[in-house]
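Visitor: Sequence first, predicted coordinates after that:
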Amino acid sequence: MPTFRLTPLSPSLAADVEGLDLTRPLDADTLARLREAWQAHLVLRFRGQVLSDPQLLAFSRELGELDPPGPNPYGAPFNPAHPEINVISNLRDGDRPLGNLGDGEAVWHQDMTYVDAPPMASMLMALEVPPEGGDTFWSNLYLAWDTLPADLRREVCGRVAIHDSTYNSAGMMRRGMKPVTDPREAPGARHPLVVVHPETGRQALLLGRRRNAYVLGLPLPDSDALLDALWAHATRPSLVFRQQWRVGDLLLWDNRATLHRRDAFDPASRRRMHRTQIRGAVPVLAGVGEALAA
Ligand code: SIN
């Protein structure tokens, strides 16, 4: 007997999961079917789930080992009792921010691709949401690859890009970093632009972040032109799902096959989210022949 119902939320990705109580451990069969649903839809939304921090950590650990948040601009965890949980919020205690990313736009990105082994999954749970704004969008990087025009496919196959670690998605410099003016000198991991998903075997673009990205071996203007074309293609509205948050929404996404971004919102309103990540592996280059034949 199915223990949950699945309803797709857009033609390209994301589905609602109904009928589960995430405050309790899931049985092995439910967990296995949840993993299948997650691989098929890339983003799963669970509504009405206000989990305590220990419950959020327990559910996250059902999917794998936790990957702690990257260094935030302020140098100390936002949730000292549970440093594996990141807080995404515009709230402040006087001058002290209580969370990361503020109230501005967070630009399109994959989480932490500036490290060699970026997280495979991320989860975001809404505890306070503004009356409007602050929507989050996900894009499907399998479909971005599948629908990429043949000339662009030939250009990206076998290519590797630098993933700058200097700035976060809100444009803030990470602690200990120096400003970068030439993307060819940006610090950060190097990853293939076309990768094979370790669980599904499907090919996907791996884009990370646009700022200070650089395709190794190309003159800078050619690298910029190629990356601009890839980003425009990968973020077309037909590949995107838009999430309008309610308190108790918990979204789980596959960081290996999706990009996400967030809209700005009114600084006078309150937005507070708790977030976890699951450890991933070093991305694997798609074989050139294999990728072009796909
Ligand atoms: C994030 O990029 O993880 C934050 C997204 C959001 O605030 O909705």
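Guide: Received the coordinates, thanks. Residues are numbered from 1 along each chain as shown.

Visitor: I'd guessed T166 sits against P183; true?
Guide: No: no contact is recorded between T166 and P183 when judged using CB atoms under 8 Å, the distance being 10.1 Å. To be clear about C-beta, it is placed using only N, CA and C from the backbone, and glycine gets the same treatment.

Visitor: Common neighbours of the two, please.
Guide: Counting by CB atoms under 8 Å, 6 or more residues apart in numbering, the contacts common to T166 and P183 are N212.

Visitor: okay, now the residue lying closest to P198 once chain neighbours are set aside: neighbour count?
Guide: Closest residue to P198 in three dimensions, ignoring its sequence neighbours and counting by CB to CB, 6 or more residues apart in numbering: A281, at 5.8 Å. Around A281 there are 11 other residues, counting by other CB atoms under 10 Å.

Visitor: element containing A281, please.
Guide: Per DSSP states H and E, A281 falls between elements, in no helix or strand.

Visitor: In this structure it contacts A117, no?
Guide: Yes: between A281 and A117 there is a contact at 5.6 Å, judged by CB under 8 Å.

Visitor: Which positions in this structure make contact with the ligand?
Guide: Applying CB under 6 Å from any ligand atom, we find that the chain lies next to the ligand at I88, L101, A106, L124, T136, S169, H260, R262, M273.

Visitor: From V196, how far out is the third one?
Guide: By that I understand A106. In this structure, A106 and V196 are separated by 28 Å, where distance is defined by CB to CB, to the nearest Å.

Visitor: And the last one, by the same measure?
Guide: Applying CB to CB, the value for M273 to V196 is 31 Å.

Visitor: more neighbours, the two?
Guide: The residue with more neighbours, out of M273 and V196 and counting by other CB under 10 Å, is M273; that gives 25 against 19.

Visitor: what about the stretch 101-250 of the chain, any weak spots by pLDDT?
Guide: Scanning the stretch 101-250 of the chain for pLDDT under 70 picks out nothing.

Visitor: And the strands in it, which stretches?
Guide: Secondary structure of the stretch 101-250 of the chain (DSSP state E, counting those that start in this stretch): strands located at 106-109, 121-128, 136-140, 160-162, 190-192, 194-196, 203-205, 214-215, 240-243, 250-254.

Visitor: ok, residues contacting the last one?
Guide: Right, the one you point to is strand 250-254. Outside strand 250-254, the residues that touch it by CB under 8 Å, 6+ apart are 22, 38-39, 42-47, 49, 51, 56, 63, 120-126, 136, 138, 243, 260.

Visitor: Which strands or helices does the helix or strand just after that strand pack on?
Guide: Using DSSP H and E, the helix or strand that follows strand 250-254 in sequence is strand 258-262. In this structure, strand 258-262 makes packing contacts with strand 106-109, strand 136-140, judged by 3 or more CB pairs under 8 Å, 6 or more residues apart in numbering; DSSP states H and E.

Visitor: residue contacts, whatever residue of the stretch 101-250 of the chain ends up closest to the ligand?
Guide: Checking the stretch 101-250 of the chain residue by residue against the ligand with CB to the nearest ligand atom singles out T136 as nearest, at 3.6 Å. Under the criterion of CB under 8 Å, 6+ apart, the neighbours of T136 are L124, R242, Q243, W245, L251, H260, R261, R262, D263.

Visitor: The third one: how many residues sit nearby?
Guide: Yep, that's Q243 we're talking about. The criterion is other CB under 10 Å. On that basis, Q243 has 21 neighbouring residues.

Visitor: Can you name the residues bridging to it?
Guide: In this structure, Q243 has the following beta-bridge partners (DSSP bridges): T136.

Visitor: close enough to count as contact, it and F137?
Guide: Yes: Q243 is in contact with F137 according to CB under 8 Å; the separation is 7.2 Å.

Visitor: any common contacting residues for those two?
Guide: Taking CB under 8 Å, 6+ apart as the criterion, Q243 and F137 do not both touch any residue.

Visitor: how much space between Q244 and S10?
Guide: Counting by CB to CB, the separation of Q244 from S10 is 12 Å.

Visitor: Of these two, which one has the most company?
Guide: Set Q244 next to S10 and count neighbours by other CB under 10 Å: S10 wins out with 18 against 12.
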